[in-house]
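Asker: Please find the sequence and the predicted model below.
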Amino acid sequence: MYGFNHDWMYGGSGWGWMVLGWLWMAVVMLAPVLVILSLVKYLLSWPKRPGKSSRALEILDEAYARGELGREEYLQKRADLKGR
């Protein structure tokens, strides 16, 4: 219009802004998917109460060391605590 050159705005042929538009669209569409996948991975790898299990094993070991438990009872309870 009136001899004004709009090529600077569109990168000459227009492909410059179009490529950036496609990249932006890909980022916007992939970001929620990546967030959801990361959340699922985090929740599936969540440790199953490591503090309580290890503390229970410590108490069991101490009771066995004091002689309050027999060997078979100790091994059975230890296997139960470890989930075997």
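Answerer: Yes, it's here.
Asker: Now the longest helix anywhere in the chain: average pLDDT?
Answerer: The single longest helix within the chain, with elements called by DSSP state H, is helix 15-44. Averaging pLDDT along helix 15-44 yields 87.
Asker: What's the first helix or strand after it?
Answerer: Next helix or strand after helix 15-44 toward the C-terminus (DSSP states H and E): helix 50-65.
Asker: Summarise which helices and strands that next one is packed against.
Answerer: Judged by 3 or more CB pairs under 8 Å, 6 or more residues apart in numbering; DSSP states H and E, the packing partners of helix 50-65 are helix 71-82. All C-beta spots, glycine's among them, are computed from the backbone N, C-alpha and C.
Asker: Could you export the helix it packs on as CSV, CA atoms only?
Answerer: Listed next in CSV are the C-alpha coordinates belonging to helix 71-82 (Å, rounded to 0.1, in the frame of the first residue of the first chain):
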residue,chain,number,x,y,z
ARG,A,71,15.9,-67.1,64.5
GLU,A,72,12.8,-68.5,62.6
GLU,A,73,10.5,-65.8,64.0
TYR,A,74,13.1,-63.1,63.1
LEU,A,75,13.5,-64.3,59.5
GLN,A,76,9.8,-64.6,59.0
LYS,A,77,9.1,-61.1,60.3
ARG,A,78,12.0,-59.7,58.3
ALA,A,79,10.7,-61.2,55.1
ASP,A,80,7.3,-59.8,55.9
LEU,A,81,8.7,-56.3,56.4
LYS,A,82,10.7,-56.5,53.2
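Asker: Tell me, domain by domain, which residues of this protein belong where.
Answerer: Domain assignment of the chain by automatic domain parsing yields the ranges 7-44, 50-82.
Asker: mind listing what's buried in the shortest one?
Answerer: The reference is to domain 50-82. Within domain 50-82, the residues that count as buried by 16 or more other CB atoms under 10 Å are 56, 60, 64, 69, 74, 77-78.
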